[in-house]
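In: sequence isn't available, so here's the structure alone:
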């Protein structure tokens with residue numbers, strides 16, 4: 001009988017410890033998810049990548065003439081870094 005009581009008591013302690021660990025893990029997961037949500041870029045900050053960019057100067061000149069707008073020329077000389085402003089990878 002004593003052995004059975006000890007087994008039940010030990011099982012209850014283990015179950016309680018697992019429940020506490022699950023709550024602590026859930027709290028950590030929620031903290032990470034909140035940090036992730038706070039770090040995500042906003043729609044407004046991503047509008048740079050949604051602009052209808054021209055991919056070459058000739059196309060830009062033609063569009064600037066048709067739309068009576070200036071040209072914003074962006075030149076990337078760091079070819080080895082794999083940067084592509086047009087595709088949104090910097």
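Out: Received it, and whenever you're ready, just let me know what you need. Keep in mind that what you see is a predicted model, and the values were worked out from it rather than measured.
In: show me this protein divided up by domain.
Out: Domain assignment for the chain by automatic domain parsing gives 1-40, 42-90.
In: lowest-confidence stretch among those?
Out: The minimum mean pLDDT among the domains of the chain belongs to domain 1-40 (a mean of 73).
In: number of nearby residues for residue 65?
Out: 10 (other C-beta atoms under 10 Å). (Glycine included, C-beta is placed from N, CA and C.)
In: do the same with residue 54
Out: 17.
In: got phi/psi on the spatially closest residue to it that is not a sequence neighbour?
Out: In this structure, residue 54 finds its nearest non-sequential neighbour in residue 60, 3.9 Å apart by C-beta to C-beta, 6 or more residues apart in numbering. Backbone torsions for residue 60, taken as degrees, to the nearest 10, come to phi -60, psi -40.
In: also residue 41?
Out: Dihedral angles (degrees, to the nearest 10) for residue 41: phi -70, psi 150.
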